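Novice: Sequence and predicted model, in that order:
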Amino acid sequence: MHRILLIALLLAYGFSATAQNKTKNLVIVTLDGLRWQEVFRGADSVMVNTTEYNSDKEGITRRFVASSPQKRRELLMPFLWSSVVQKGQIYGSRDIGNRAEVSNPYKFSYPGYSELFTGFADPRVNSNDKVPNPNINVLEYINKQKGFEGKVIAFTSWDVFPSILNDKRSGIIVNSGLMDLKIDGISDRLKLLNELQHQSPGFVSEDMRLDAITYQFGKQYMIDFKPRVVYLGFDETDDMAHAGNYKFYLQQAYKTDAMLADLWNYIQSEPFYKDKTTLIITSDHGRGDLPPDGWRGHGEKVLGAEQVWFAVIGPDTPVKGEVKTSSTVYHKQWAQTFSELLGLDFKSGAGHQVGEAVNLK
Ligand SMILES: [Zn+2]
């Protein structure tokens, strides 16, 4: 386009909405399989009182049970229900008519994460096997844009993410499971995490990394290298639900919320990130709702496992708190939303269909 014409257009229309965004960096966090029921209602008393799933009825009641859902959720996820609800937006509160869902029919992890990052539900993506994802994802797209090259990184507890995010093709570092981080200029703290992850317990399986270590990798990498887009994938909420351990499921939701508080505190205390970073928190699928046992599983045949939730806090998301509009947002919409927050247009480079961005304004 002719430069004078371009300037005239910019003057005529003002700068576009995306050009005015304050967001320069993006941090995306997922809590695998954490239900919206606990996010919005807190601990479920039926589950707390089912001895088979909770060996510490008294202790868990003291910590997480209160007279109203509002009080219970504040006990379970205090960061979400203080900072995020007061300064950001939380989607998926079905009790007041707002819905968040995956649109893929499979309702388990690989298809859920793939939908989240590629912006569509590809019927070919239908297993948790370590098959390289055929579709371009938004992290991969962002990593190719000017100013973002080599500034996009993922740390995850589950070792299937190198396939989901196709690290071989995408070229982004996807550090997953018990993979050692091998980079130039690695700090002593990151070296320690490389050692510690092999020495810490493998509760779920020998190759699953503890979420706390995944978190520390991510935070330390931010401190040391200042990446512009960070993805942290946590897993233990899902593992504890499958194991039928409601006590540890709740404890892990609480601990992850505390990591998010620490992360946001770091972001807002570091000039590189402060007031220039949007934090997005979600899950990859829901779970069943039939007490007391239905919550353990998820998948195609489990009623309600498509139901998820979403939280956003950052300089371009006006306060909406618990979103009350009667509408549904789908996981396939977020990839485009991530790119637009950074002033980019994933649709133009994806090479496949991509869901419309969520209107966060
Ligand atoms: Zn699962």
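Specialist: Great, that's in hand. Please read all numbers here as calculations on a predicted model, not as lab measurements.

Novice: Helices of the stretch 101-250 of the chain, start to end?
Specialist: 109-118, 138-143, 161-164, 167-170, 188-199, 211-225, 236-242, 246-267 (DSSP state H, counting those that start in this stretch).

Novice: what's the closest of those to the ion?
Specialist: helix 236-242 (4.2 Å; C-beta to the ion). All C-beta atoms are positioned from the backbone trio N, CA, C, and that covers glycine.

Novice: re the thing from before, what's the most buried one of the helices of the stretch 101-250 of the chain?
Specialist: With neighbours defined as mean count of other C-beta atoms under 10 Å, the helices of the stretch 101-250 of the chain peak in mean count at helix 109-118, which reaches a mean of 28.

Novice: Who are the packing partners of that helix?
Specialist: helix 138-143, helix 161-164, helix 334-341 (3 or more C-beta pairs under 8 Å, 6 or more residues apart in numbering; DSSP states H and E).

Novice: would a markdown table of those with distance to residue 105 and mean pLDDT be doable?
Specialist: Converted to a markdown table, those look like this (distance: least, C-beta to C-beta, whole Å; pLDDT from 0 to 100):
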| stretch | distance to residue 105 | mean pLDDT |
| --- | --- | --- |
| helix 138-143 | 22 | 98 |
| helix 161-164 | 18 | 98 |
| helix 334-341 | 18 | 98 |
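
Novice: In JSON lines: these, plus distance to the ion.
Specialist: As requested, the helices and strands packed on helix 109-118 are exported to JSON lines (distance: least, C-beta to the ion, whole Å):
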{"stretch": "helix 138-143", "distance to the ion": "22"}
{"stretch": "helix 161-164", "distance to the ion": "14"}
{"stretch": "helix 334-341", "distance to the ion": "20"}
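
Novice: Just put these in TSV and tack on distance to residue 260.
Specialist: TSV is the format used below for the helices and strands packed on helix 109-118 (distance: least, C-beta to C-beta, whole Å):
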stretch	distance to residue 260
helix 138-143	20
helix 161-164	19
helix 334-341	17
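
Novice: Looking at those helices, which is nearest to residue 20?
Specialist: Of all the helices and strands packed on helix 109-118, it is helix 334-341 that lies closest to residue 20, at 11.6 Å by C-beta to C-beta.

Novice: residues of the next helix or strand after the closest one that come out buried?
Specialist: Using DSSP states H and E, the helix or strand that follows helix 334-341 in sequence is helix 347-350. By neighbour count on 16 or more other C-beta atoms under 10 Å, the buried set for helix 347-350 is 347, 349, 350.

Novice: Return the member of those nearest to the ion.
Specialist: residue 350 (27.0 Å).

Novice: So the closest one sits against residue 140, correct?
Specialist: No: using C-beta atoms under 8 Å, residue 350 is not in contact with residue 140; the gap is 9.5 Å.

Novice: Let's see stretch 229-247 as PDB, backbone CA atoms only.
Specialist: Coordinates of each C-alpha in stretch 229-247 appear next as PDB, following Å, rounded to 0.1, in the frame of the first residue of the first chain:
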ATOM      1  CA  VAL A 229       4.900 -15.600  25.400                       C
ATOM      2  CA  VAL A 230       4.900 -18.300  28.100                       C
ATOM      3  CA  TYR A 231       2.700 -21.400  28.300                       C
ATOM      4  CA  LEU A 232       2.600 -23.300  31.600                       C
ATOM      5  CA  GLY A 233       0.700 -26.600  31.500                       C
ATOM      6  CA  PHE A 234      -0.100 -28.200  34.900                       C
ATOM      7  CA  ASP A 235      -1.500 -31.700  35.300                       C
ATOM      8  CA  GLU A 236      -2.100 -32.800  38.900                       C
ATOM      9  CA  THR A 237      -5.800 -31.700  39.200                       C
ATOM     10  CA  ASP A 238      -6.700 -34.200  36.500                       C
ATOM     11  CA  ASP A 239      -4.400 -36.900  37.900                       C
ATOM     12  CA  MET A 240      -5.900 -36.600  41.400                       C
ATOM     13  CA  ALA A 241      -9.500 -36.800  40.000                       C
ATOM     14  CA  HIS A 242      -8.700 -39.900  38.000                       C
ATOM     15  CA  ALA A 243      -7.200 -41.400  41.100                       C
ATOM     16  CA  GLY A 244     -10.400 -40.700  43.000                       C
ATOM     17  CA  ASN A 245      -8.600 -38.500  45.500                       C
ATOM     18  CA  TYR A 246     -10.900 -35.500  46.100                       C
ATOM     19  CA  LYS A 247      -8.700 -34.300  49.000                       C
END
